[in-house]
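**Q** Prediction below, plus the sequence it came from.
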Amino acid sequence: MLQVKSFSFNPFQENTYLILNEQNQVWIVDPGMHEPEEVRFLQNFIDENQLVPQSILNTHAHIDHIFGVQALKDHYKIPFLIHEKELPVLNGAAGSALLFGFDFKSTPAPDAFIKETKTLSLGEDKIFIKFVPGHSPGSVLFYYPPGGWAIGGDVLFQGSIGRTDLPGGDFQTLIQSIKKEIFTLPDETVIYPGHGGPTTVGAEKAFNPFLKDI
């Protein structure tokens, strides 16, 4: 059974997740560590718990979700995966960083692409990929039915939805992604978002003011 550990990093208070199995193999999802101290904190957690990183998986490539990618690639010699449609966002990361006052010189290169038609395997466990564009053109969600949870990046939050005013964002596309790919999951499914605390599909159906009429 896969487990999830969460951490909050950088001035955007972005959620970085570890997905780990019973053999201590781990995926690192959306590593947002910006300061060297944050990088060391996550690496120390991984090393002290004898976890063995396998890959870096990103829900999308906005700067607050990729700050720590290169440091982890260099340290653990593991691949970095995103959806191919997220390449324009990744390639524009340095420029986006400057707009927010960050010096981001090392844009990581993906080693492989995540495909929504495939599953990803960590040992004997599999997660399903759901394509959920709208916040960004190549956003994906990682869904693990046995655990009843999904990691959704910045698509859906507790009482809110992802912003759509950044390059590649589109409000109607986002709403359709939520309706088709998230609200069709069981109501008890826990959604781990890119910012803030977890929520459930049922709670957002019932109470999210942006989604009352879909």
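**A** Received the coordinates, thanks.

**Q** Can you give me the distance of residue 83 to residue 129?
**A** 8 Å (C-beta to C-beta, to the nearest Å). C-betas here are computed from N, CA, C, even on glycine.

**Q** Now do the shared contacts for these two.
**A** Both residue 83 and residue 129 are contacted by 114, 115, 116, 140, under the criterion C-beta atoms under 8 Å, 6 or more residues apart in numbering.

**Q** now for those, which pair is the farthest apart?
**A** 115 and 140 (9.2 Å; C-beta to C-beta).

**Q** Which of these two has more residues huddled nearby?
**A** Applying other C-beta atoms under 10 Å to residue 115 and residue 140 shows that residue 140 carries more neighbours, namely 28 against 14.

**Q** which residue is nearest the middle of this structure?
**A** The residue lying closest to the centre of the chain (C-alpha atoms, centre = their mean) is residue 59, at 3.5 Å.

**Q** shouldn't it be in contact with residue 154?
**A** Yes: if you go by C-beta atoms under 8 Å, residue 59 and residue 154 touch, sitting 7.4 Å apart.

**Q** show me the contacts for residue 4.
**A** Contacts of residue 4 by C-beta under 8 Å, 6+ apart are 17, 18, 19, 147, 149, 151, 192.

**Q** would you turn these into CSV with secondary structure, pLDDT and distance to residue 64?
**A** Shown next, in CSV, are those (DSSP: H, G, I helix; E, B strand; the rest coil; pLDDT from 0 to 100; distance: C-beta to C-beta, whole Å):
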residue, secondary structure, pLDDT, distance to residue 64
17, strand, 99, 14
18, strand, 98, 17
19, strand, 98, 19
147, helix, 98, 25
149, strand, 98, 22
151, strand, 98, 15
192, strand, 98, 16
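
**Q** What count of nearby residues applies to the closest residue to residue 160 other than its chain neighbours?
**A** Nearest in space to residue 160, with sequence neighbours left out and distances taken as C-beta to C-beta, 6 or more residues apart in numbering, is residue 210 at 6.5 Å. Look at residue 210: counted by other C-beta under 10 Å, it has 17 neighbours.

**Q** May I ask which helix or strand of this protein has the lowest mean pLDDT?
**A** Of all helical and strand segments in the chain, the minimum by mean pLDDT, DSSP states H and E falls on helix 93-99, at a mean of 78.

**Q** Next, the buried residues of that helix.
**A** For helix 93-99, the neighbour count (16 or more other C-beta atoms under 10 Å) marks 93, 96, 97 as buried.

**Q** Repeat that for stretch 167-186.
**A** Neighbour counts over stretch 167-186 (16+ other C-beta under 10 Å) mark 168, 169, 170, 173, 174, 175, 177, 178, 181, 182, 183, 185 as buried.

**Q** Not counting sequence-adjacent ones, nearest residue to the first one?
**A** Read it as residue 168. Ranked by C-beta to C-beta, 6+ apart and with sequence neighbours excluded, the top spatial neighbour of residue 168 is residue 137, at 4.1 Å.
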